[in-house]
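Visitor: Predicted coordinates and the sequence they were generated for:
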Amino acid sequence: MKNYFGGFVIAFLVSFGTNAQGLLNKSETTFTHQDTLRGSITKERAWWDLKYYHLDIKVNPSEKTITGSNTIRYTVLSTGTKMQIDLQQPMQIYKVTQDGKELKFVRDGNAFFIELNAAQKIGDKKEIVVSFGGKPKEAIKPPWDGGITWKKDKNGKDFIASSCQGLGASVWWPNKDHMYDEVENMLISVNVPGDLTDVSNGRLQSVKKEKDGTRTFNWYVANPINNYGVNINIGDYAHFSEKYKGEKGDLDCSYYVLKDNLDKAKEHFKDAPRMLKAFENWFGPYPFYEDSYKLVEAPYLGMEHQSSVTYGNEYKNGYLGHDLSGTGWGMKFDFIIIHESGHEWFANNITYKDIADMWIHESFTNYSESLFVEYYYGKEAGAEYVIGCRRNIQNDKPIIGNYEVNNEGSGDMYPKGANMLHTIRQIVNDDAKWKSILRGLNSTFYHQTVTTKQIEDYMSTQTGIDLSKIFNQYLRSTKIPVFEYMFKDGQLGYHWTNCVNKFDMPVKVTVDGKEIWLKPTQEWKSEKIEGKEPKLEVDKNFYVTTSNIIE
């Protein structure tokens, strides 16, 4: 989240704040060489397949520094002699070794190009060790700007965390910083002052007391994980846990909160098992049983770090005590717990290959909030919630960004994307099928990185409906389709306008209290209608506008 929520987090709150054919209003932003190095699958990335990291670091709060090493294991896919590893300024790579021998490297902005001495034969499994350190960028308004947050709790203890979606994990540690290639598993070793605890991803394997009085926490991640999902959370934590009896058996759930907040957390975090029950129903089993589920208090609003979801919503329902939908339903749950945990399915299980397709994370997860409401309060309540979120839509630019330059699209990927999905659900008009599609997405693309095309094609195939024009309309255009109609001489005339070429979405309307389905196109159609002064309403669940041109 990030300029949204990342993901998170909701820029649309602040002020809102595969190139497919038919992309409209393409951004005219000028992109740099560094944008391309960061956002594209360069030849120095393409020849090797990432397998394992051992990120071994020392965090020094008094100096605000991180030093250490990252051991990177990979499989050779094709012939290559130069490897790209990313680490952003002002962080530095000090040394790179392979087979005990030091390697030469050059820096190009935030990318390091390493010259490999040994032959890189196709199929070989290789390893390099990257030593690094420095003062990473400090986050000013996390999670949107990204970096490391260095704060103190009210007792004066250090309270530190990472958040880096969009900006990239290379803001604080060296890695292959592109989403297309997720590491298959990793060990995260974090050395901190002896009176503090580090909570990272996966399961805690051991805690080692060092001779200097510090402690090293070793966390192992058994499942593939995206770069920005890797995190550190350091504080004076209290811990409690429970087992959730889920679809795949017992799921270990652990909660880490500042000690002064332990009692309120034990009550407030009851939303976590409620979330698991609702989302396993809609999306299928929690995707990371092997790594457990953790909710960790952080010194910022929150983020969807895999199996280590961070929380900073002040133990309030809603979004910092506010209902983003304006309907009242948003005050029935803690927004951060529900939204950020929803990303375990859409962001961490199913991950975009290119951040231009970030809607895959945020549209589905924003929509998951309404599904949570529906699960506990009924279908009408869930619909009211997602429809209420339309008030946050800006239609400022397309939801899909520019490819291969690390560019995300409009913050409308949250509420507009959710309403696109809600609209598609109406067209499917079969709730059992709709749920099977949501669950099918998570099983078909389990632990994979994907493109928009893959998601579009899957949904069109599974629904049996060509959804391409609908995706073009809502993802690639800022126009909201207008259902334009008129009554004349006992006939209802109607068509779509303000829409992409060949837009033909079916729509449900009520005419004098009678529900009927229409299949408008851009060309005028007509239906015979009884009654002298008929009234027409388009079903509110469709994200469209309506215009009666003869009134």
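Guide: Sure thing, it's come through.
Visitor: any idea how far His268 is from Asn317?
Guide: To Asn317, His268 is 9 Å away according to Cβ to Cβ, to the nearest Å. C-beta: built from backbone N, CA, C; applies to glycine.
Visitor: same deal with Ile399?
Guide: Counting by Cβ to Cβ, the gap from Ile399 to Asn317 is 28 Å.
Visitor: Which phi and psi values does Ala344 adopt?
Guide: You called it Ala, but residue 344 is Glu. Dihedral angles of Glu344 (phi, psi; degrees, to the nearest 10) stand at phi -60, psi -30.
Visitor: How about the one 4 residues further on?
Guide: Note on Asn348: backbone dihedrals following degrees, to the nearest 10 are phi -100, psi -40.
Visitor: What is the burial count for it?
Guide: Applying other Cβ atoms under 10 Å, we find 27 residues neighbouring Asn348.
Visitor: Check Gln462 too.
Guide: Using other Cβ under 10 Å, Gln462 has 17 other residues around it.
Visitor: Pretty sure it sits against Arg439.
Guide: No - the pair Gln462 and Arg439 does not pass the contact test of Cβ atoms under 8 Å, sitting 10.6 Å apart.
Visitor: tell me, what's touching His268 and Asn317 both at once?
Guide: Residues within reach of His268 and of Asn317 at once, by Cβ atoms under 8 Å, 6 or more residues apart in numbering, are Asp334.
Visitor: What distance do you get for Ser477 to Asn501?
Guide: 10 Å.
Visitor: Those two: who's more crowded?
Guide: Ser477 (21 against 9).
Visitor: where along the protein do the helices fall?
Guide: Remark: helices assigned in the chain by DSSP state H are 11-14, 33-39, 43-46, 262-268, 271-283, 335-342, 359-377, 379-388, 415-428, 431-444, 452-463, 468-475.
Visitor: Now do the longest one, average pLDDT.
Guide: Meaning helix 359-377. Helix 359-377 shows a mean pLDDT of 98.
Visitor: Give me the distance between it and the centre of its chain.
Guide: Taking the mean of its C-alpha atoms, helix 359-377 sits 13 Å from the chain's own mean (Cα atoms, centre = their mean, to the nearest Å).
Visitor: Name the residues of that helix that come out as buried.
Guide: Using 16 or more other Cβ atoms under 10 Å as the test for burial, helix 359-377 gives 359-375.
Visitor: Which one, of the helices of the chain, ends up nearest to Lys514?
Guide: Proximity to Lys514 (Cβ to Cβ) singles out helix 415-428 among the helices of the chain, at 17.4 Å.
Visitor: wouldn't Phe542 be in contact with Val507 here?
Guide: Yes - in this structure, Phe542 is within contact of Val507 by Cβ under 8 Å, at 5.5 Å.
Visitor: Excluding chain neighbours, give the residue nearest to Pro224 in space.
Guide: Distances taken as Cβ to Cβ, 6 or more residues apart in numbering place Glu182 nearest to Pro224, at 4.2 Å, with adjacent residues excluded.
Visitor: And the one you found, how far from Lys176?
Guide: Applying Cβ to Cβ to Glu182 and Lys176 gives a distance of 9 Å.
Visitor: Just want to know which of these two has more residues nearby.
Guide: Neighbours were counted for Glu182 and for Lys176 using other Cβ under 10 Å; Lys176 has more, 24 against 21.
Visitor: surely the more buried one meets Gln84?
Guide: Yes - using Cβ under 8 Å, Lys176 is in contact with Gln84, at 7.4 Å.
Visitor: Residues in contact with both of those two, list them for me.
Guide: Arg45.
Visitor: Just give me the neighbour total for Asn231.
Guide: Per other Cβ under 10 Å, the neighbour tally for Asn231 reads 26.
Visitor: Contact partners for the residue nearest to it when sequence neighbours are not counted?
Guide: Closest residue in space to Asn231, ignoring its immediate chain neighbours: His305 at 4.1 Å, by Cβ to Cβ, 6+ apart. By Cβ under 8 Å, 6+ apart, the contact list for His305 reads Asn201, Tyr228, Gly229, Val230, Asn231.
Visitor: at 10 Å what do you get?
Guide: Contacts for His305 were tallied using Cβ atoms under 10 Å, 6 or more residues apart in numbering; they are 1, 6-7, 143, 161-165, 199-201, 225-226, 228-233, 294, 296, 298, 340, 343-344, 347-348.
Visitor: just Lys104 next, same as before
Guide: Lys104 sits next to Val96, Phe113, Ile114, Glu115, Leu116, Asn117 when contact means Cβ under 10 Å, 6+ apart.
Visitor: By neighbour count, which of those residues wins?
Guide: Busiest of those [other Cβ under 10 Å] is Val96, holding 24 neighbours.
Visitor: Mind pulling up the pLDDT for that one?
Guide: On pLDDT, Val96 comes in at 98.
Visitor: just for this structure, where's the confidence low?
Guide: 1-28, 551 (pLDDT under 70).
Visitor: now do 50
Guide: 1-26 (pLDDT under 50).
Visitor: Pull up the gap between the residue nearest to Lys488 when sequence neighbours are not counted and Gly330, please.
Guide: Distances taken as Cβ to Cβ, 6+ apart place Ile550 nearest to Lys488, at 6.5 Å, with adjacent residues excluded. Separation of Ile550 from Gly330 (Cβ to Cβ) stands at 39 Å.
Visitor: Looking at the two, which has the bigger crowd around it?
Guide: Gly330 (22 against 8).
Visitor: The closest residue to that one other than its chain neighbours: how many residues sit nearby?
Guide: Counting by Cβ to Cβ, 6+ apart, Gly330 lies nearest to Asp323, which is 3.3 Å off, once chain neighbours are set aside. Residues contacting Asp323 under the criterion other Cβ under 10 Å number 18.
Visitor: ok now do Asp323, which residues does it touch?
Guide: Asn317, Trp329, Gly330, Met331, Lys332, Phe335, Tyr385, Gly388, Cys389.
Visitor: Can you get me a residue count around the closest residue to Ala383 other than its chain neighbours?
Guide: Once flanking residues are discounted, Ala383 sits nearest to Asn541: 5.8 Å by Cβ to Cβ, 6+ apart. Residues lying near Asn541 (other Cβ under 10 Å) number 14.
Visitor: Is it correct that Asn541 is in contact with Val386?
Guide: Yes - look at Asn541 against Val386 with Cβ atoms under 10 Å: they come within range, at 8.6 Å.
Visitor: Show me whatever sits in contact with both of the two.
Guide: Asn419, His422, Thr423, Arg425.
Visitor: Which single one of these is nearest to Leu536?
Guide: Thr423 (18.3 Å).
Visitor: wait, doesn't that closest one sit right on Asn541?
Guide: Yes - Thr423 lies in contact with Asn541 (Cβ under 10 Å); the separation is 7.0 Å.
Visitor: got any residues that touch both of the two?
Guide: Both Thr423 and Asn541 are in contact with Val386, where contact means Cβ under 10 Å, 6+ apart.
Visitor: circling back to that earlier point, which one of the shared contacts of Asn541 and Val386 is nearest to Glu290?
Guide: Glu290 lies nearest to Arg425 out of the shared contacts of Asn541 and Val386, by Cβ to Cβ, at 31.7 Å.
Visitor: Name the nearest residue to that closest one, ignoring sequence neighbours.
Guide: Arg425's closest residue in space is Trp434 (Cβ to Cβ, 6+ apart), at 5.1 Å.
Visitor: For that neighbour, list the residues it contacts.
Guide: Trp282, Leu421, Ile424, Arg425, Gln426, Ile427, Val428, Gln462, Thr463.
Visitor: follow-up on the earlier one: figure out which of the helices of the chain is closest to Phe240.
Guide: Of all the helices of the chain, the one in closest proximity to Phe240, counting by Cβ to Cβ, is helix 262-268 (6.2 Å).
Visitor: so how far is Ala169 from Lys532?
Guide: Using Cβ to Cβ, Lys532 is found at 66 Å from Ala169.
Visitor: Which one's more surrounded, the two?
Guide: Neighbour tally, Lys532 and Ala169, criterion other Cβ under 10 Å: the higher count belongs to Ala169, 24 against 6.
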